[in-house]
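[1] Quick one, structure for this:
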Amino acid sequence: MDINAALRAFVRTVEKGSVTGAARDLAISQPAVTKHLRNLERHLNARLLERSSRSMRPTAHGMTLYEASRNALASIDAAIEGVRRDMGEIEGNLRVHAPSCLGAQHLHGMIMQFQDEHPAVTVDLILDNRTVDLVYENFDLAVCYGRIDNQEIIARRIGWIQRILVASPEYLKRAGPIETVEQLVGSDIVATTVILSPRDSLILCKGELTTEITVRPVLKTNSANVLTSSLLAGRGIGPVQVNLVTKELADGLLVRVLPDYTVKPTEAFLTYPSTKFMRPVVRAFTDFIIPKLRAIDGIKV
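    Residues are numbered from 1 along each chain as shown. As a prediction, this is how the structure comes out:
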């Protein structure tokens, strides 16, 4: 029996809650995972998993083995990569999660720069606007917006994501100039689902003063591309991240609305699981990416 392979299959089965999920993460077949689990239980003469039609959960013996094994395997991986690093090579796979707006606009290019410096590094970049479980979904790193409440997660602060109100000149010509906050109430609003409250309220800041207003969204979306395309098409006024529209503002395709006001900013963090030993490739990427993210126009450190 390959004890290393069996323990890896066991750890991923516990974290994913199924043989199917473990097989997918390990890039092996489901029967292979099942065989590893069966051999491991036979080797230890103990039942490690409680099996049901929907999930698999560790027994008391299984949980003890899981807690010891996951850190041991991570330590082995880190040690192997550490030797390779000392030999002058950073390699391995990175699984990174980020919001689609920041990921497509900026993070993707930064990752390619990192790979230019370290050709032996492969990356799985997953972009969507949701909160992920780093351990369960086997991510090494994630860019997160908002407060981090999970005590098992290590978070390095990137900065504040700045947002402003913008619209196309054509929309403002058709709808008339917007000179007061109150005028926004009757205006067409295009926004992401993240920035508006469930009651469609928007928080604006002027210095240290904040104002909350209820707006009328004609379009809500979870896509930054849809948001900017709609604004460029003159569909309304939108609260948008500065880093998404820097060029459009410079080219005059979009203009600021109520320039004395900003939308309430959101704090951004780079997070990783504290339960994992930080592999050299993860450490190298973290040191590389943090200053680049902080340098993005529209992120205030």
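[2] contacts for stretch 63-83?
    4, 7-8, 10-11, 14-15, 44, 48, 58, 90-92, 275-281 (CB atoms under 8 Å, 6 or more residues apart in numbering). (Glycine included, C-beta is placed from N, CA and C.)
[3] for the chain, longest helix please?
    Counting by DSSP state H, the longest helix found in the chain is helix 60-86.
[4] just checking, next helix/strand downstream of that one?
    Sequence-wise, the next helix or strand downstream of helix 60-86 (DSSP states H and E) is strand 92-98.
[5] Check which strands are paired with that next one and give the direction for each one.
    With DSSP bridges as the test, strand 92-98 is paired with strand 121-127 (parallel), strand 141-145 (parallel).
[6] Toward the C-terminus, what is the element adjacent to that strand?
    Downstream of strand 92-98 (by DSSP H and E), the next one is helix 100-102.
[7] ok, and what's touching that next one?
    Contacts of helix 100-102 from elsewhere in the structure, counted by CB under 8 Å, 6+ apart, are Leu127, Asp128, Asn129, Val143, Asn222, Ser223, Ala224, Gln241, Asn243, Leu244, Ala268.
[8] for it, what is the average pLDDT?
    On average, the pLDDT along helix 100-102 is 88.
[9] now do stretch 129-143
    For stretch 129-143, the per-residue pLDDT averages 87.
[10] distance between the ends of it?
    Taking CA to CA, to the nearest Å, the first and last residues of stretch 129-143 lie 10 Å apart.
[11] The chain: strands as residue ranges?
    With strands called from DSSP state E, the chain shows them at 49-51, 56-58, 92-98, 121-127, 141-145, 153-167, 188-192, 201-206, 209-214, 216-221, 238-241, 255-256, 262-273, 299-300.
[12] tell me how far the longest helix of the chain is from the chain's mean position?
    24 Å (CA atoms, centre = their mean, to the nearest Å).
[13] Also stretch 262-275?
    9 Å.
[14] same check, this time on stretch 230-246
    Put simply, stretch 230-246 sits 22 Å off its chain's centre (CA atoms, centre = their mean).
[15] Not counting its neighbours along the chain, what's nearest Thr34?
    Spatial nearest neighbour of Thr34, excluding adjacent residues (CB to CB, 6 or more residues apart in numbering): Val19 at 5.8 Å.
[16] For this structure, which element, helix or strand, carries the lowest mean pLDDT?
    helix 60-86 (a mean of 78; mean pLDDT, DSSP states H and E).
[17] what angle do that helix and strand 92-98 make?
    Here helix 60-86 runs at 110 degrees with respect to strand 92-98, directions being taken by axes from the mean of the first three to the mean of the last three CA atoms, to 10 degrees.
[18] Now for Ile126, how many residues are close by?
    Residues within reach of Ile126, counting by other CB atoms under 10 Å, total 15.
[19] wait, Ser197
    Neighbour number of Ser197 under other CB under 10 Å is 10.
[20] need the contact list for the residue nearest in space to the middle of the chain.
    What sits nearest the mean C-alpha location of the chain, by CA atoms, centre = their mean, is Ala98, with 2.6 Å. Ala98 makes contact with Leu107, Leu125, Ile126, Leu127, Ala142, Val143 under the criterion CB under 8 Å, 6+ apart.
[21] Put together JSON lines for these, with distance to Pro291 on each row.
    Below are the contacts of Ala98 laid out as JSON lines (distance: CB to CB, whole Å):
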{"residue": "Leu107", "distance to Pro291": "14"}
{"residue": "Leu125", "distance to Pro291": "19"}
{"residue": "Ile126", "distance to Pro291": "23"}
{"residue": "Leu127", "distance to Pro291": "21"}
{"residue": "Ala142", "distance to Pro291": "18"}
{"residue": "Val143", "distance to Pro291": "14"}
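[22] Now list the buried members of those.
    Buried by 16 or more other CB atoms under 10 Å: Leu107, Leu127, Ala142, Val143, out of those.
[23] Relative to Leu249, which of those is nearest.
    Distances from Leu249 to the buried ones among the contacts of Ala98, taken as CB to CB, are shortest for Leu107 (21.1 Å).
[24] pretty sure the closest one is touching Val123, no?
    No - with contacts counted by CB atoms under 8 Å, Leu107 stays clear of Val123, the gap being 10.2 Å.
[25] Spit out the residues that contact those two alike.
    Residues touching both Leu107 and Val123 (CB under 8 Å, 6+ apart) are Val96.
[26] if we can go back for a sec, the least confident helix or strand of the chain vs strand 262-273, what angle?
    Here helix 60-86 runs at an angle of 100 degrees relative to strand 262-273 (the same axes, to 10 degrees).
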